[in-house]
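*Asks:* sharing a sequence plus its predicted fold:
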Amino acid sequence: MSTLTERVTATLRDIPDFPATGVVFKDITPVLADGQLFADVLGDMAQRWRGQVDVVTGIEARGFVFGAALALELGTGFVPIRKAGKLPGPTVALSYDLEYGSATIEVHDDSFHPGQRVLVVDDVLATGGTAEAACRLVEQLGATVVAFETLVELAFLHGRDRLTGRDVRTLVVVDGE
Ligand SMILES: O=P(O)(O)OC[C@H]1O[C@H](OP(=O)(O)OP(=O)(O)O)[C@H](O)[C@@H]1O
Ligand SMILES: Nc1ncnc2[nH]cnc12
């Protein structure tokens, strides 16, 4: 009987040289396409946080898939953190570097409030720039980050170094390129 981590590892697909030469892209779409595996991943994430968080936030675009589904599982609301220029209302924003370029993310400035317990969700932790920026946006609005939850961690990019002191949970850790 294989573990959930082994099943996800066996299902993820490596796409060399996407979106730039030298990057090995971890494609999560086969995990989403396997209904039982997707449900099991969500069940695993949800059992860790049931009753522990007030709201789930996820980062565009792949973080929406896991974050929104997890919010539904947990019975909480979902807050989208979007790439710059997509949200209609007043926002707070942060810029950061990625494995392949740079980005700015934003959230509506009334999305979180002091005392709220927030779970930050994404699909991949790479350099940690996205996760760090998302956590800082939540905290800038006065809420508390309970943890950062993700499907895959690319450990060779040392994203955890940017999340020191935070509770970081990953199902699959990839050690080498
Ligand atoms: O740890 P980091 O180096 O910050 O990288 C991780 C981020 O990169 C990917 O998103 P991307 O910006 O490619 O956007 P997408 O979800 O729209 O594909 C991934 O979904 C994470 O959000
Ligand atoms: N190598 C990679 N594969 C998938 N998503 C990523 N986000 C940042 N780096 C990535």
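*Replies:* Perfect, thanks for sending it. Residues are numbered from 1 along each chain as shown. Ligands and ions are numbered 1, 2, ... in the order given.
*Asks:* what's the closest non-adjacent residue to Q52?
*Replies:* Nearest residue to Q52, sequence neighbours excluded (CB to CB, 6 or more residues apart in numbering): V146, at 6.1 Å. All C-beta atoms are positioned from the backbone trio N, CA, C, and that covers glycine.
*Asks:* so how far is ligand 2 from A69?
*Replies:* To ligand 2, A69 is 18 Å away according to CB to the nearest ligand atom, to the nearest Å.
*Asks:* once you drop chain neighbours, what's closest to that residue?
*Replies:* Nearest non-adjacent residue to A69, counting by CB to CB, 6+ apart: L42, 5.3 Å away.
*Asks:* follow-up on the earlier one: and for the residue nearest to Q52, the neighbour number?
*Replies:* Neighbour count of V146, defined by other CB atoms under 10 Å: 21.
*Asks:* hmm, G58 is touching F78, no?
*Replies:* Yes - G58 lies in contact with F78 (CB atoms under 8 Å); the separation is 6.8 Å.
*Asks:* now do the strands in the chain.
*Replies:* In the chain, the strands defined using DSSP state E lie at 13-16, 24-27, 55-59, 77-83, 91-98, 101-108, 117-125, 144-154, 168-174.
*Asks:* who in the protein is up against ligand 1?
*Replies:* Residues of the chain that fall close to ligand 1, judged by CB under 6 Å from any ligand atom: 59-63, 98-99, 103, 122-131, 159.
*Asks:* thinking again about what came up before, pretty sure the residue nearest to Q52 sits against R117.
*Replies:* Yes - using CB under 8 Å, V146 is in contact with R117, at 4.9 Å.
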